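>>> sequence first, predicted model second:
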Amino acid sequence: TPDDLDHLIIDNSGAAVEQSGILSDTELTGFGMSGSVVYAGFEDLTLTLGSAPDVLSLDGTGAATTHVNTGDGGDTIRLFDTIDGSGVGNAATAGSVLTVDGGDGGDSYIVTVANSVSEASFIRLHDTGTFGLDTLSYKGSSGNDVIQLDTVYIRDEDPEREFSQDRWLDYGNHGDGLLISHFGANSSAYQPVDPSNTNQLMNLTTSQLSGAHSFQVLNYTTIELVTIFAGAGDDKIISDDTAQSIDIYGNEGDDQFYVGSVLASTQVSVEGEVIDVVTEITHGTSYPMNFYGGDGDDYFEVNHNQADIALYGGNGDDTFFIKALLTLDDSQDLVELDNQTATVSGVSSPDELPGQQSPVDTREVDLDALVYVQNANVKIDGGAGFDSVAIVGTVLNDTFYIFTEIVAGKTVQRIYGAGVKLSELLNIERVQLITGAGDDRVYLLGVDLGPVADLVINTGAGSDTVYVGNSASENLSFDLKYPTRRRTDYAEIIGFQAGT
(Lines give C-alpha, C1' and ligand atoms only; values in the text may rest on other atoms or scores of the structure.)
Protein backbone atom coordinates (compact mmCIF):
# COMPACT_ATOMS: atom_id res chain seq x y z
CA THR A 1 0.00 0.00 0.00
CA PRO A 2 1.11 3.64 -0.43
CA ASP A 3 1.68 4.02 3.31
CA ASP A 4 3.81 0.85 3.49
CA LEU A 5 1.41 -0.60 6.10
CA ASP A 6 -0.34 -3.95 5.98
CA HIS A 7 -4.15 -3.44 6.09
CA LEU A 8 -6.79 -6.04 6.88
CA ILE A 9 -10.38 -5.12 5.93
CA ILE A 10 -13.23 -7.36 7.08
CA ASP A 11 -16.56 -6.25 5.58
CA ASN A 12 -19.83 -7.70 6.89
CA SER A 13 -21.94 -4.64 6.05
CA GLY A 14 -24.34 -6.70 3.93
CA ALA A 15 -25.71 -8.56 6.96
CA ALA A 16 -29.32 -7.56 7.65
CA VAL A 17 -30.08 -9.76 10.67
CA GLU A 18 -28.91 -9.60 14.27
CA GLN A 19 -25.50 -11.20 14.76
CA SER A 20 -22.83 -11.51 17.41
CA GLY A 21 -19.15 -12.28 17.44
CA ILE A 22 -15.80 -11.89 19.14
CA LEU A 23 -12.77 -9.97 17.88
CA SER A 24 -9.49 -10.82 19.60
CA ASP A 25 -5.90 -9.84 18.86
CA THR A 26 -5.54 -12.82 16.49
CA GLU A 27 -9.00 -13.98 15.40
CA LEU A 28 -12.59 -13.01 14.47
CA THR A 29 -15.33 -15.53 15.26
CA GLY A 30 -19.13 -15.52 14.96
CA PHE A 31 -21.20 -13.18 12.78
CA GLY A 32 -22.70 -16.09 10.86
CA MET A 33 -19.36 -17.67 9.93
CA SER A 34 -18.96 -21.43 10.21
CA GLY A 35 -15.26 -20.91 10.84
CA SER A 36 -13.17 -17.91 11.76
CA VAL A 37 -10.77 -15.33 10.36
CA VAL A 38 -7.28 -15.77 11.80
CA TYR A 39 -4.77 -13.00 11.25
CA ALA A 40 -1.35 -11.73 12.33
CA GLY A 41 1.19 -9.09 11.35
CA PHE A 42 -1.21 -6.34 10.25
CA GLU A 43 -0.64 -2.73 11.30
CA ASP A 44 -4.19 -1.60 10.47
CA LEU A 45 -7.47 -3.53 10.86
CA THR A 46 -10.97 -2.39 9.83
CA LEU A 47 -14.13 -4.31 10.77
CA THR A 48 -17.51 -3.22 9.36
CA LEU A 49 -20.76 -4.84 10.54
CA GLY A 50 -24.34 -4.84 9.21
CA SER A 51 -27.36 -2.57 9.76
CA ALA A 52 -29.18 -4.79 12.27
CA PRO A 53 -28.43 -4.66 16.02
CA ASP A 54 -25.12 -6.44 16.56
CA VAL A 55 -23.29 -7.68 19.66
CA LEU A 56 -19.53 -7.36 19.41
CA SER A 57 -17.11 -8.46 22.11
CA LEU A 58 -13.64 -7.06 21.51
CA ASP A 59 -11.21 -9.07 23.61
CA GLY A 60 -7.96 -7.49 22.49
CA THR A 61 -6.30 -5.56 19.68
CA GLY A 62 -3.51 -7.04 17.62
CA ALA A 63 -3.05 -4.21 15.13
CA ALA A 64 -1.52 -0.88 16.00
CA THR A 65 -4.68 0.80 14.68
CA THR A 66 -8.11 -0.84 14.79
CA HIS A 67 -11.31 0.64 13.31
CA VAL A 68 -14.69 -0.88 14.18
CA ASN A 69 -17.88 0.29 12.47
CA THR A 70 -20.91 -1.58 13.78
CA GLY A 71 -23.37 0.04 11.36
CA ASP A 72 -26.87 1.24 12.17
CA GLY A 73 -29.12 -0.32 14.78
CA GLY A 74 -28.89 -0.45 18.53
CA ASP A 75 -25.59 -2.28 18.85
CA THR A 76 -23.89 -3.61 21.98
CA ILE A 77 -20.11 -3.24 22.00
CA ARG A 78 -18.12 -4.86 24.80
CA LEU A 79 -14.51 -3.72 24.98
CA PHE A 80 -12.17 -5.98 26.97
CA ASP A 81 -15.22 -7.52 28.62
CA THR A 82 -16.77 -10.93 28.04
CA ILE A 83 -20.19 -11.43 26.49
CA ASP A 84 -21.57 -12.56 29.85
CA GLY A 85 -20.26 -9.35 31.48
CA SER A 86 -17.77 -11.05 33.80
CA GLY A 87 -15.10 -8.58 32.72
CA VAL A 88 -12.08 -10.84 32.25
CA GLY A 89 -11.10 -9.67 28.78
CA ASN A 90 -7.58 -8.75 27.73
CA ALA A 91 -6.22 -5.23 27.54
CA ALA A 92 -5.47 -3.30 24.38
CA THR A 93 -2.02 -3.78 22.95
CA ALA A 94 0.55 -1.27 24.24
CA GLY A 95 0.65 1.81 22.02
CA SER A 96 -2.47 0.80 20.09
CA VAL A 97 -5.30 3.06 18.91
CA LEU A 98 -8.86 1.71 18.81
CA THR A 99 -11.71 3.68 17.19
CA VAL A 100 -15.31 2.45 17.51
CA ASP A 101 -18.31 3.92 15.68
CA GLY A 102 -21.75 2.56 16.55
CA GLY A 103 -23.58 4.55 13.86
CA ASP A 104 -27.27 5.40 14.11
CA GLY A 105 -29.46 3.94 16.84
CA GLY A 106 -29.00 3.82 20.58
CA ASP A 107 -25.72 1.96 21.04
CA SER A 108 -24.47 0.48 24.30
CA TYR A 109 -20.74 0.52 25.01
CA ILE A 110 -19.35 -1.54 27.91
CA VAL A 111 -15.66 -1.06 28.71
CA THR A 112 -13.79 -2.97 31.43
CA VAL A 113 -10.51 -1.70 32.84
CA ALA A 114 -7.65 -4.19 32.72
CA ASN A 115 -5.72 -5.13 35.85
CA SER A 116 -2.54 -3.83 34.25
CA VAL A 117 -1.34 -2.18 31.05
CA SER A 118 2.20 -1.51 29.82
CA GLU A 119 2.86 1.79 28.05
CA ALA A 120 -0.17 3.72 26.75
CA SER A 121 -3.19 2.88 24.62
CA PHE A 122 -6.09 4.94 23.26
CA ILE A 123 -9.78 4.11 22.79
CA ARG A 124 -11.86 6.60 20.84
CA LEU A 125 -15.63 6.13 20.88
CA HIS A 126 -16.48 8.12 17.79
CA ASP A 127 -20.22 7.53 17.39
CA THR A 128 -21.39 9.35 14.25
CA GLY A 129 -25.05 8.42 14.67
CA THR A 130 -27.59 11.26 14.52
CA PHE A 131 -30.37 9.62 16.54
CA GLY A 132 -30.67 7.26 19.50
CA LEU A 133 -29.27 7.52 23.02
CA ASP A 134 -25.72 6.15 23.17
CA THR A 135 -24.57 4.92 26.59
CA LEU A 136 -21.20 4.01 28.10
CA SER A 137 -20.71 1.76 31.13
CA TYR A 138 -17.11 2.05 32.28
CA LYS A 139 -16.24 -0.76 34.69
CA GLY A 140 -13.24 -0.95 36.97
CA SER A 141 -11.14 -4.05 37.46
CA SER A 142 -11.16 -6.32 40.49
CA GLY A 143 -8.06 -4.56 41.82
CA ASN A 144 -7.36 -1.10 43.26
CA ASP A 145 -8.00 1.15 40.28
CA VAL A 146 -6.84 4.73 39.75
CA ILE A 147 -9.32 6.38 37.37
CA GLN A 148 -8.97 10.01 36.32
CA LEU A 149 -11.56 12.18 34.59
CA ASP A 150 -10.25 15.09 32.56
CA THR A 151 -10.62 16.94 29.27
CA VAL A 152 -8.23 17.71 26.46
CA TYR A 153 -6.73 21.13 27.10
CA ILE A 154 -4.90 23.00 24.34
CA ARG A 155 -3.64 26.33 25.64
CA ASP A 156 -3.45 28.00 22.23
CA GLU A 157 -7.16 27.28 21.72
CA ASP A 158 -8.19 28.72 25.09
CA PRO A 159 -8.86 32.49 24.81
CA GLU A 160 -8.39 32.85 28.57
CA ARG A 161 -5.21 30.73 28.71
CA GLU A 162 -6.36 29.46 32.07
CA PHE A 163 -3.66 26.82 32.45
CA SER A 164 0.06 27.09 31.78
CA GLN A 165 0.46 23.71 30.06
CA ASP A 166 -1.41 21.56 27.57
CA ARG A 167 -3.09 18.39 28.87
CA TRP A 168 -3.74 15.19 26.90
CA LEU A 169 -2.86 16.89 23.63
CA ASP A 170 -2.74 13.66 21.59
CA TYR A 171 -6.14 12.29 22.60
CA GLY A 172 -8.74 14.48 20.92
CA ASN A 173 -9.84 18.03 20.32
CA HIS A 174 -9.82 20.86 22.85
CA GLY A 175 -12.58 20.19 25.40
CA ASP A 176 -13.08 16.49 24.59
CA GLY A 177 -13.94 14.33 27.61
CA LEU A 178 -11.53 11.62 28.71
CA LEU A 179 -11.50 8.68 31.13
CA ILE A 180 -7.95 7.65 32.02
CA SER A 181 -7.07 4.46 33.86
CA HIS A 182 -3.58 4.68 35.35
CA PHE A 183 -1.30 1.71 36.00
CA GLY A 184 1.75 2.22 38.16
CA ALA A 185 1.29 5.98 38.52
CA ASN A 186 2.26 7.57 41.82
CA SER A 187 -1.00 8.82 43.32
CA SER A 188 0.40 9.47 46.80
CA ALA A 189 -0.38 13.19 46.42
CA TYR A 190 -4.04 12.21 46.75
CA GLN A 191 -4.44 10.99 50.32
CA PRO A 192 -7.30 11.32 52.82
CA VAL A 193 -6.83 13.93 55.54
CA ASP A 194 -7.57 13.25 59.19
CA PRO A 195 -10.65 15.29 60.21
CA SER A 196 -9.27 15.53 63.77
CA ASN A 197 -5.94 17.01 62.59
CA THR A 198 -6.60 20.74 62.24
CA ASN A 199 -3.14 21.54 60.92
CA GLN A 200 -3.44 18.95 58.20
CA LEU A 201 -6.87 20.23 57.24
CA MET A 202 -5.56 23.79 56.85
CA ASN A 203 -2.55 22.88 54.69
CA LEU A 204 -2.60 23.81 51.00
CA THR A 205 -0.91 21.12 48.92
CA THR A 206 -0.63 20.61 45.17
CA SER A 207 -1.79 17.28 43.76
CA GLN A 208 -0.90 15.65 40.47
CA LEU A 209 -0.35 12.11 39.30
CA SER A 210 3.33 11.48 38.70
CA GLY A 211 5.22 8.80 36.85
CA ALA A 212 2.18 8.11 34.67
CA HIS A 213 3.72 6.21 31.76
CA SER A 214 1.28 3.29 31.59
CA PHE A 215 -2.35 4.27 31.09
CA GLN A 216 -5.39 3.73 28.93
CA VAL A 217 -7.23 6.80 27.63
CA LEU A 218 -10.86 6.66 26.49
CA ASN A 219 -12.46 9.58 24.63
CA TYR A 220 -16.22 9.55 25.32
CA THR A 221 -17.17 12.91 23.78
CA THR A 222 -19.81 11.56 21.35
CA ILE A 223 -21.59 9.45 24.01
CA GLU A 224 -24.72 10.92 25.60
CA LEU A 225 -24.85 8.97 28.89
CA VAL A 226 -21.71 7.93 30.79
CA THR A 227 -21.67 5.86 34.00
CA ILE A 228 -18.59 4.67 35.87
CA PHE A 229 -18.63 1.57 38.10
CA ALA A 230 -15.36 1.30 40.01
CA GLY A 231 -16.15 -2.23 41.16
CA ALA A 232 -14.27 -4.21 43.79
CA GLY A 233 -11.07 -2.99 45.41
CA ASP A 234 -10.06 0.23 47.15
CA ASP A 235 -10.36 2.54 44.18
CA LYS A 236 -9.23 6.13 43.73
CA ILE A 237 -11.33 8.39 41.50
CA ILE A 238 -9.86 11.78 40.54
CA SER A 239 -12.22 14.15 38.72
CA ASP A 240 -10.33 17.06 37.14
CA ASP A 241 -12.88 17.99 34.47
CA THR A 242 -15.74 16.55 32.45
CA ALA A 243 -17.38 17.10 29.06
CA GLN A 244 -20.87 16.05 30.21
CA SER A 245 -22.84 14.84 33.21
CA ILE A 246 -21.47 11.59 34.68
CA ASP A 247 -22.55 9.28 37.52
CA ILE A 248 -19.80 7.44 39.43
CA TYR A 249 -20.35 4.39 41.65
CA GLY A 250 -17.57 3.29 43.97
CA ASN A 251 -19.20 -0.09 44.68
CA GLU A 252 -17.25 -2.35 47.06
CA GLY A 253 -14.13 -1.35 48.98
CA ASP A 254 -12.89 1.76 50.77
CA ASP A 255 -12.96 4.14 47.84
CA GLN A 256 -11.61 7.69 47.56
CA PHE A 257 -13.11 10.47 45.46
CA TYR A 258 -11.27 13.73 44.69
CA VAL A 259 -13.00 16.60 42.89
CA GLY A 260 -10.62 19.25 41.60
CA SER A 261 -6.82 19.27 41.90
CA VAL A 262 -4.59 22.16 42.93
CA LEU A 263 -1.96 22.16 40.19
CA ALA A 264 0.07 25.15 41.36
CA SER A 265 0.21 27.57 44.28
CA THR A 266 2.32 30.46 45.47
CA GLN A 267 2.86 32.55 48.58
CA VAL A 268 1.99 36.24 48.84
CA SER A 269 2.37 38.73 51.68
CA VAL A 270 -0.76 40.57 52.78
CA GLU A 271 -0.42 43.12 55.58
CA GLY A 272 2.61 41.29 56.96
CA GLU A 273 1.12 37.80 56.76
CA VAL A 274 2.35 35.17 54.32
CA ILE A 275 -0.58 33.40 52.68
CA ASP A 276 -0.71 30.37 50.40
CA VAL A 277 -2.90 30.98 47.37
CA VAL A 278 -3.93 28.85 44.41
CA THR A 279 -2.62 29.88 40.99
CA GLU A 280 -3.93 26.90 38.98
CA ILE A 281 -6.75 24.54 39.91
CA THR A 282 -8.68 22.13 37.71
CA HIS A 283 -12.43 22.57 37.24
CA GLY A 284 -13.28 19.33 39.02
CA THR A 285 -16.33 19.07 36.81
CA SER A 286 -17.94 21.36 34.25
CA TYR A 287 -21.26 19.49 34.28
CA PRO A 288 -23.43 18.15 37.12
CA MET A 289 -22.19 14.89 38.63
CA ASN A 290 -23.28 12.30 41.19
CA PHE A 291 -20.77 10.32 43.28
CA TYR A 292 -21.95 7.15 45.07
CA GLY A 293 -19.60 5.60 47.61
CA GLY A 294 -21.41 2.28 47.99
CA ASP A 295 -20.10 -0.21 50.53
CA GLY A 296 -17.02 0.41 52.64
CA ASP A 297 -15.63 3.47 54.45
CA ASP A 298 -15.34 5.98 51.64
CA TYR A 299 -13.60 9.35 51.48
CA PHE A 300 -14.78 12.39 49.49
CA GLU A 301 -12.68 15.54 49.01
CA VAL A 302 -13.85 18.62 47.12
CA ASN A 303 -11.31 21.30 46.20
CA HIS A 304 -13.20 22.81 43.27
CA ASN A 305 -16.45 22.02 41.48
CA GLN A 306 -17.34 24.20 38.53
CA ALA A 307 -20.79 22.59 38.36
CA ASP A 308 -23.24 21.18 40.92
CA ILE A 309 -22.34 17.81 42.44
CA ALA A 310 -24.01 15.36 44.82
CA LEU A 311 -22.04 13.06 47.13
CA TYR A 312 -23.72 9.91 48.47
CA GLY A 313 -21.85 7.94 51.11
CA GLY A 314 -23.95 4.78 51.04
CA ASN A 315 -23.04 2.13 53.59
CA GLY A 316 -20.05 2.46 55.91
CA ASP A 317 -18.48 5.30 57.91
CA ASP A 318 -17.79 7.94 55.29
CA THR A 319 -15.81 11.19 55.46
CA PHE A 320 -16.47 14.34 53.45
CA PHE A 321 -13.84 17.10 53.28
CA ILE A 322 -14.77 20.48 51.77
CA LYS A 323 -12.03 23.11 51.67
CA ALA A 324 -12.26 26.83 50.91
CA LEU A 325 -9.35 28.15 48.86
CA LEU A 326 -7.93 31.55 47.98
CA THR A 327 -6.64 32.77 44.65
CA LEU A 328 -5.51 36.07 43.15
CA ASP A 329 -7.79 38.52 41.38
CA ASP A 330 -6.32 38.83 37.89
CA SER A 331 -7.24 42.52 37.76
CA GLN A 332 -4.92 43.35 40.69
CA ASP A 333 -1.23 44.21 40.33
CA LEU A 334 1.37 42.28 42.32
CA VAL A 335 4.23 44.25 43.87
CA GLU A 336 7.54 42.54 44.65
CA LEU A 337 8.96 42.89 48.18
CA ASP A 338 12.34 44.63 48.42
CA ASN A 339 15.14 43.36 50.69
CA GLN A 340 12.87 41.52 53.09
CA THR A 341 12.40 37.94 54.16
CA ALA A 342 8.92 36.51 54.57
CA THR A 343 8.00 34.19 57.44
CA VAL A 344 4.81 32.47 58.40
CA SER A 345 4.25 35.03 61.13
CA GLY A 346 4.94 38.14 59.07
CA VAL A 347 7.72 40.00 57.32
CA SER A 348 11.02 40.27 59.16
CA SER A 349 13.92 42.64 58.75
CA PRO A 350 17.02 41.41 56.92
CA ASP A 351 19.20 41.53 60.05
CA GLU A 352 17.28 38.95 62.12
CA LEU A 353 19.19 35.95 63.43
CA PRO A 354 19.75 33.08 61.01
CA GLY A 355 17.49 30.07 61.46
CA GLN A 356 14.46 32.09 62.60
CA GLN A 357 12.94 32.20 59.15
CA SER A 358 13.30 30.63 55.73
CA PRO A 359 13.73 33.03 52.79
CA VAL A 360 11.05 32.66 50.13
CA ASP A 361 10.25 34.55 46.95
CA THR A 362 7.16 36.33 48.22
CA ARG A 363 5.20 39.14 46.64
CA GLU A 364 3.26 41.77 48.49
CA VAL A 365 -0.33 42.34 47.44
CA ASP A 366 -3.26 44.35 48.68
CA LEU A 367 -5.96 42.52 50.61
CA ASP A 368 -8.41 43.21 47.79
CA ALA A 369 -6.24 41.12 45.47
CA LEU A 370 -7.30 37.92 47.29
CA VAL A 371 -10.56 36.28 46.28
CA TYR A 372 -12.17 32.94 47.02
CA VAL A 373 -12.12 30.06 44.57
CA GLN A 374 -15.84 29.99 43.83
CA ASN A 375 -17.62 26.66 43.72
CA ALA A 376 -21.03 25.46 42.59
CA ASN A 377 -23.48 23.67 44.89
CA VAL A 378 -22.58 20.50 46.80
CA LYS A 379 -25.21 18.12 48.16
CA ILE A 380 -24.09 15.52 50.72
CA ASP A 381 -26.08 12.48 51.82
CA GLY A 382 -24.05 10.35 54.20
CA GLY A 383 -26.34 7.32 54.10
CA ALA A 384 -25.93 4.56 56.67
CA GLY A 385 -23.08 4.44 59.19
CA PHE A 386 -21.32 7.24 61.11
CA ASP A 387 -20.63 9.94 58.53
CA SER A 388 -18.72 13.16 59.12
CA VAL A 389 -18.29 16.40 57.20
CA ALA A 390 -15.34 18.78 57.67
CA ILE A 391 -15.57 22.31 56.22
CA VAL A 392 -12.38 24.36 56.37
CA GLY A 393 -12.11 28.12 55.92
CA THR A 394 -9.15 30.33 55.05
CA VAL A 395 -6.79 32.78 56.75
CA LEU A 396 -9.01 35.69 55.68
CA ASN A 397 -11.94 37.10 57.66
CA ASP A 398 -14.40 34.46 56.52
CA THR A 399 -18.17 34.59 56.99
CA PHE A 400 -20.23 31.41 57.20
CA TYR A 401 -24.02 31.02 57.29
CA ILE A 402 -25.52 27.90 58.85
CA PHE A 403 -29.28 27.75 58.39
CA THR A 404 -32.26 25.69 57.31
CA GLU A 405 -34.91 26.34 54.69
CA ILE A 406 -38.23 24.71 53.92
CA VAL A 407 -38.19 23.43 50.34
CA ALA A 408 -41.26 21.59 49.02
CA GLY A 409 -42.34 20.87 52.60
CA LYS A 410 -38.95 19.47 53.59
CA THR A 411 -36.39 21.02 55.94
CA VAL A 412 -33.08 21.47 54.13
CA GLN A 413 -29.83 22.10 56.00
CA ARG A 414 -27.45 24.51 54.29
CA ILE A 415 -23.97 25.92 54.97
CA TYR A 416 -22.58 28.74 52.83
CA GLY A 417 -19.42 30.79 53.07
CA ALA A 418 -15.88 31.43 51.74
CA GLY A 419 -16.77 30.21 48.26
CA VAL A 420 -18.24 26.94 49.64
CA LYS A 421 -21.91 26.15 49.00
CA LEU A 422 -23.28 23.11 50.82
CA SER A 423 -26.80 23.29 49.49
CA GLU A 424 -28.07 20.23 51.39
CA LEU A 425 -26.83 17.95 54.19
CA LEU A 426 -28.58 14.66 54.92
CA ASN A 427 -27.82 11.71 57.21
CA ILE A 428 -24.69 13.27 58.69
CA GLU A 429 -23.69 12.38 62.25
CA ARG A 430 -21.03 15.07 62.71
CA VAL A 431 -20.41 18.41 61.01
CA GLN A 432 -17.16 20.22 61.83
CA LEU A 433 -16.64 23.82 60.73
CA ILE A 434 -13.06 25.06 61.08
CA THR A 435 -12.96 28.76 60.28
CA GLY A 436 -9.15 29.04 60.32
CA ALA A 437 -7.24 32.23 60.98
CA GLY A 438 -8.69 35.71 60.59
CA ASP A 439 -11.52 37.51 62.36
CA ASP A 440 -14.28 35.21 61.26
CA ARG A 441 -18.05 35.46 61.64
CA VAL A 442 -20.39 32.50 61.87
CA TYR A 443 -24.15 33.03 61.70
CA LEU A 444 -25.70 30.02 63.39
CA LEU A 445 -29.29 30.50 62.34
CA GLY A 446 -30.71 27.00 62.14
CA VAL A 447 -29.52 23.42 62.61
CA ASP A 448 -31.52 20.32 61.75
CA LEU A 449 -29.16 17.38 61.34
CA GLY A 450 -31.34 14.77 63.02
CA PRO A 451 -31.54 13.44 66.57
CA VAL A 452 -28.06 11.85 66.75
CA ALA A 453 -25.93 14.44 64.95
CA ASP A 454 -23.75 17.20 66.34
CA LEU A 455 -22.22 20.41 65.01
CA VAL A 456 -18.73 21.50 66.07
CA ILE A 457 -17.51 25.04 65.34
CA ASN A 458 -13.75 25.49 65.70
CA THR A 459 -13.05 29.20 65.38
CA GLY A 460 -9.26 28.87 65.44
CA ALA A 461 -7.00 31.93 65.61
CA GLY A 462 -8.28 35.51 65.36
CA SER A 463 -11.09 37.43 67.01
CA ASP A 464 -14.06 35.39 65.90
CA THR A 465 -17.77 35.93 66.53
CA VAL A 466 -20.57 33.37 66.45
CA TYR A 467 -24.07 34.84 66.10
CA VAL A 468 -26.85 32.60 67.37
CA GLY A 469 -30.22 33.79 66.09
CA ASN A 470 -32.94 33.81 68.76
CA SER A 471 -34.50 37.24 68.88
CA ALA A 472 -36.65 38.05 65.87
CA SER A 473 -37.79 37.02 62.43
CA GLU A 474 -36.04 38.84 59.61
CA ASN A 475 -35.03 38.24 56.03
CA LEU A 476 -31.24 37.97 55.72
CA SER A 477 -29.90 38.32 52.19
CA PHE A 478 -26.39 37.50 51.04
CA ASP A 479 -24.72 37.35 47.67
CA LEU A 480 -23.58 34.03 46.21
CA LYS A 481 -20.96 33.94 43.48
CA TYR A 482 -20.86 30.90 41.22
CA PRO A 483 -18.13 29.82 38.78
CA THR A 484 -20.36 30.16 35.72
CA ARG A 485 -23.03 32.55 36.95
CA ARG A 486 -23.75 35.18 39.55
CA ARG A 487 -27.00 35.42 41.48
CA THR A 488 -28.44 36.63 44.76
CA ASP A 489 -30.29 34.13 46.93
CA TYR A 490 -32.64 35.28 49.67
CA ALA A 491 -33.00 32.94 52.62
CA GLU A 492 -35.75 33.47 55.18
CA ILE A 493 -34.10 33.06 58.57
CA ILE A 494 -36.07 32.47 61.74
CA GLY A 495 -34.64 34.10 64.85
CA PHE A 496 -32.07 36.52 63.47
CA GLN A 497 -32.21 40.31 63.48
CA ALA A 498 -30.27 41.58 60.46
CA GLY A 499 -27.59 44.11 61.24
CA THR A 500 -27.11 43.14 64.91
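Yep, that arrived. Residues are numbered from 1 along each chain as shown.
>>> show me where pLDDT drops low in the protein?
Low-confidence segments of the chain (pLDDT under 70): 1-3, 63, 82-95, 115-116, 211-212, 331-361, 470-482, 484-500.
>>> quick one, helices of it?
Using DSSP state H, the helices assigned to the chain run over residues 198-202.
>>> spatially speaking, which residue is in the middle of it?
Nearest residue to the geometric centre of the chain (CA atoms, centre = their mean): Ser239, 1.7 Å.
>>> ok, the nearest residue to that residue once chain neighbours are set aside to Ile248 distance?
If the residues on either side of it in the chain are set aside, Ser239 comes closest to Leu149, at 4.5 Å by CB to CB, 6 or more residues apart in numbering. To be clear about C-beta, it is placed using only N, CA and C from the backbone, and glycine gets the same treatment. Leu149 sits 8 Å away from Ile248, going by CB to CB, to the nearest Å.
>>> list residues touching both of the two?
Ile237, Ser239 (CB atoms under 8 Å, 6 or more residues apart in numbering).
>>> chain center to stretch 384-403, what's the gap?
20 Å (CA atoms, centre = their mean, to the nearest Å).
>>> how far does that stretch stretch from start to finish?
23 Å (CA to CA, to the nearest Å).
>>> equivalent analysis for stretch 134-143, please.
Where stretch 134-143 starts and where it finishes are 28 Å apart, if you go by CA to CA.
>>> other residues contacting it?
Under CB under 8 Å, 6+ apart, the answer for stretch 134-143 is 81, 87, 102, 106-115, 125, 127, 147, 179, 218, 220, 222-233, 235, 251.
>>> buried ones among the residues you listed?
Buried by 16 or more other CB atoms under 10 Å: 81, 87, 102, 106-114, 125, 127, 147, 179, 218, 220, 222-223, 225-226, 228-231, 233, 235, 251, out of the contacts of stretch 134-143.
>>> so of those residues, which ones are in strands?
Among the buried ones among the contacts of stretch 134-143, the members falling in strands (DSSP state E) are 108-112, 125, 147, 179, 218, 225-226, 228-229.
>>> Asp134 and Gly106, how far apart?
Distance from Asp134 to Gly106, by CB to CB: 6 Å.
>>> from Ile415, how far out is Leu445?
Leu445 is 11 Å from Ile415, by CB to CB.
>>> okay, and the common contacts of these two?
Common neighbours of Leu445 and Ile415, using CB under 8 Å, 6+ apart, are Tyr401, Ile402.
>>> okay, the two: which has more neighbours?
Taking neighbours as other CB atoms under 10 Å, Leu445 and Ile415 compare with Ile415 leading, 24 against 20.
>>> my read: the residue nearest to Ser239 touches Ser245, true?
No - contact criterion CB atoms under 8 Å: Leu149 and Ser245 do not qualify, at 11.8 Å.
>>> more neighbours: the two, which one.
Neighbours were counted for Leu149 and for Ser245 using other CB under 10 Å; Leu149 has more, 26 against 16.
>>> quick one: contacts for that one?
Contacts for Leu149 were tallied using CB under 8 Å, 6+ apart; they are Gly177, Leu178, Leu179, Ile180, Ile237, Ile238, Ser239, Asp240, Asp241, Thr242, Ile246, Thr285.
>>> report the beta-bridge partners for the third one.
Pointing back at Leu179 there. Leu179 has these beta-bridge partners by DSSP bridges: Leu149, Leu218.
>>> isn't it up against Val146?
No - in this structure, Leu179 is not within contact of Val146 by CB under 8 Å, at 11.7 Å.
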